[in-house]
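Engineer: output the structure for:
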Amino acid sequence: MTRIEWAMNMAADEHFKAVMQELREAEVQKFATSAPLDIEVREDAYRRIRFYDDLEAHIESLAMTATVKEKRWKIL
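Structural biologist: Below is the predicted model of the structure:
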């Protein structure tokens, strides 16, 4: 299995999407329930949410590579 095939499987996997959403929601909950002076807690939660977003975007980007390559050859 190539990296692109793996990424396509992950991008289409509903369990993966659900886990990523649960992770985001857990961090948002930390953000929402932090004390006013818990700046570090909120910053850590924000960094984790950004990491989850970046990870998912990278996997989707890899998955789209195959589609882009296919369409590129159809245009030419």
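
Engineer: next, the buried residues of the host helix or strand of Glu25.
Structural biologist: Glu25 belongs to helix 14-33 when assigned by DSSP states H and E. By neighbour count on 16 or more other C-beta atoms under 10 Å, the buried set for helix 14-33 is 20, 24, 27, 30-31. To be clear about C-beta, it is placed using only N, CA and C from the backbone, and glycine gets the same treatment.

Engineer: next: stretch 53-69.
Structural biologist: 56, 59, 62-63.

Engineer: stretch 29-48 now?
Structural biologist: 30-31, 34, 42, 45, 48.

Engineer: now for these, which pair is the farthest apart?
Structural biologist: Within the buried residues of stretch 29-48, two members stand farthest from each other by C-beta to C-beta: Ser34 and Arg48, at 13.2 Å.

Engineer: which outside residues touch stretch 46-57?
Structural biologist: 20, 23-24, 27-28, 31 (C-beta atoms under 8 Å, 6 or more residues apart in numbering).

Engineer: distance of the most centrally placed residue in the chain from Ala35?
Structural biologist: Residue closest to the average C-alpha location in the chain (C-alpha atoms, centre = their mean): Glu56, at 2.0 Å. For Glu56, the distance to Ala35 (C-beta to C-beta, to the nearest Å) stands at 29 Å.

Engineer: let me know how buried the nearest residue to Phe16 once chain neighbours are set aside is, in neighbour terms.
Structural biologist: The spatial neighbour of Phe16 that comes closest, neighbours along the chain excluded (C-beta to C-beta, 6 or more residues apart in numbering), is Met10 at 5.3 Å. Using other C-beta atoms under 10 Å, the number of residues around Met10 comes to 18.

Engineer: if anything else comes up later, I'll come back, but that's it for now.
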